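Undergrad: Sharing a model prediction with you, sequence too.
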Amino acid sequence: MNALAWLGILGLYTGIAICAAGVLGIYRFPDIYTRLNALAKVTTMGALLVHLSSAALLPWGQGEKGVLTALVLLLTTPVVTQAIALTAHILRTCNVNREDDLRHPQQDEGPG
Amino acid sequence: MVSLLLIALIILVLLALAATWRIATAPSLPDRLLAGDLTIAMLTFILAVAAILGGSEYYLDAALVAALLAFTSTIILAKFIARGHVMEE
C-alpha cells in the first residue's frame, strides 16, 4: 500500500467516526434543532471525508463521481436542514431548552 | 486493506441501521425526516465503500443519484408536512 492508500483509509475512518458521533447525536440531543446540527455534521464533514477517501482509494480516473457526490451533499445540506427546521417551527415541535425566540405572538392564536 | 475496508463497511451498515431505527422511533415528524435524510446519506457512504471493495465505479453513480433523491424527497416531504400541499395552486 502506498501513502495515498493509507491517507484514504485514515480519511475513511475519520469520516466514520464523525458519522458515529452524528448518529449518537440524533439519539441523545434534547431537541430537533440540535439534532439538525448533528445531521449537518454528518452530511458535510463526514460526506467529504468518506467520498474523497473513496476517490483516493479507487484507481486513477474512476473516483470523480465520488467527489461530485460529496459536492452535492455539501451544497444541499443547508437547504435540507433549513427546510426541516422550518417544518419543525411551523409544527411547533417541542423545544425543551427554552422558549422559541422565533415564535410570533399571533402564531399561537390562529392555525400555524 | 480489504479487511480494513470490510470493517469500515460493517460499521457503516450498523450506523445506517441505527439511523433507520430512528425513523420508526422518532418522537415527531421532523425527526423522522431528519432520520430519513441521515439514512440516505449513510447509504451513499456504504455505496462509496462498496465501490472500492467491488472495484467498480458504477456504485458511485448510484450514490450520486441517491444523494440527489434524498435532497428532493426531503424538501418535498418537509413542504408537504408543513403546509399540506407541495405545489402552489
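TA: That came through fine.

Undergrad: where exactly do the helices run in chain A?
TA: A:3-28, A:32-41, A:47-57, A:64-90 (DSSP state H).

Undergrad: A:M1: neighbour count?
TA: By other C-beta atoms under 10 Å in any protein chain shown, the residues close to A:M1 number 10. Just so you know, the C-beta spots here come from the backbone N, C-alpha and C atoms, and that holds for glycine as well.

Undergrad: A:L52 against A:G66, yeah?
TA: Yes. If you go by C-beta atoms under 8 Å, A:L52 and A:G66 touch, sitting 7.1 Å apart.

Undergrad: Compare these two (neighbour count), which wins?
TA: A:G66 (29 against 20).

Undergrad: residues contacting the more buried one?
TA: Contacts for A:G66 (C-beta atoms under 8 Å, 6 or more residues apart in numbering or on different chains) come out as A:H51, A:L52, A:S54, A:A55, A:L58, B:A48, B:A51, B:L60, B:A63.

Undergrad: Under the pLDDT cut-off, which ranges of chain A? List them.
TA: In the predicted model, chain A carries pLDDT under 70 at residues A:94-112.

Undergrad: try it again with 90
TA: Applying pLDDT under 90 to chain A picks out residues A:1-5, A:29-34, A:55-70, A:86-112.

Undergrad: residue nearest the centroid of it?
TA: A:A40 (2.4 Å; C-alpha atoms, centre = their mean).

Undergrad: What separation do you get for that one and B:R83?
TA: 23 Å (C-beta to C-beta, to the nearest Å).

Undergrad: Reformat the helices of chain A as JSON lines; add distance to B:I76.
TA: Below are the helices of chain A laid out as JSON lines (distance: least, C-beta to C-beta, whole Å):
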{"stretch": "helix A:3-28", "distance to B:I76": "21"}
{"stretch": "helix A:32-41", "distance to B:I76": "18"}
{"stretch": "helix A:47-57", "distance to B:I76": "21"}
{"stretch": "helix A:64-90", "distance to B:I76": "9"}
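
Undergrad: ranking those by burial, who's on top?
TA: helix A:47-57 (a mean of 26; mean count of other C-beta atoms under 10 Å in any protein chain shown).

Undergrad: hmm, that helix touching chain B?
TA: Yes. Applying C-beta under 8 Å from any C-beta of the partner chain, one finds helix A:47-57 touching chain B at A:A47, A:V50, A:H51, A:S53, A:S54, A:L57.
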